[in-house]
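Visitor: Model the following, please.
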Amino acid sequence: MKKIIPAIAAVFLTAVISPCISNAQEQQEPPTVTEMAATEAERLERLLGLEYWQVFYVDSTLQHDYQAMKDELTELGKAKVSNSSMYVAVQDKWMDRIDSTYRKYFTDSQWKAYLKSGAAKQQKAREKRKAKSEGK
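Guide: Here you go, the predicted model:
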């Protein structure tokens with residue numbers, strides 16, 4: 001009897017809690033462009049020690065460029081473009097613009113730290129894809 005009551009309680013709690021957890025997970029929506037931009041700006045602020053005005057410019061740049069990239073990708077989707085390289089090209093174009101804007105606002109040491117944080121690899125991958133697509 002001592003083992004049955006805890007087992008029944010555990011089954012009951014699982015039955016009650018499980019639907020609540022799945023409902024909470026289903027209701028989560030993808031982050032908005034504003035939220036993504038703010039999250040990335042905060043990450044770069046911590047990583048690079050950005051000044052308040054740099055954070056403002058980074059956030060503004062990301063909000064604009066993320067929205068423009070999203071709009072362009074949506075247009076490709078509406079046009080039923082099935083070539084994945086077209087979508088990648090759009091993303092690469094906007095990420096290049098973001099990087100060129102960052103270069104204007106970051107100091108030399110911040111830029112070096114940004115590149116070391118993985119941006120240099122991403123830039124090389126974009127250049128490689130661009131060269132490959134132009135070589136076709």
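Visitor: Please, which helix or strand holds the residue nearest to the spatial centre of the chain?
Guide: Nearest to the geometric centre of the chain sits residue 36, at 6.1 Å (Cα atoms, centre = their mean). Per DSSP states H and E, residue 36 falls inside helix 33-48.
Visitor: State which helix of this structure is the longest.
Guide: In the chain, assigned by DSSP state H, the helix with the most residues is helix 52-78.
Visitor: angle of that one against helix 33-48?
Guide: 140 degrees (axes from the mean of the first three to the mean of the last three Cα atoms, to 10 degrees).
Visitor: Excluding chain neighbours, what is closest to residue 85?
Guide: Computed as Cβ to Cβ, 6 or more residues apart in numbering, the closest residue to residue 85 that is not its neighbour in sequence is residue 133, at 6.6 Å. Heads up, the C-betas are built off the backbone N, CA and C, glycines and all.
Visitor: my read: that neighbour touches residue 89, true?
Guide: Yes: the pair residue 133 / residue 89 is scored as a contact, 6.8 Å apart, by Cβ atoms under 8 Å.
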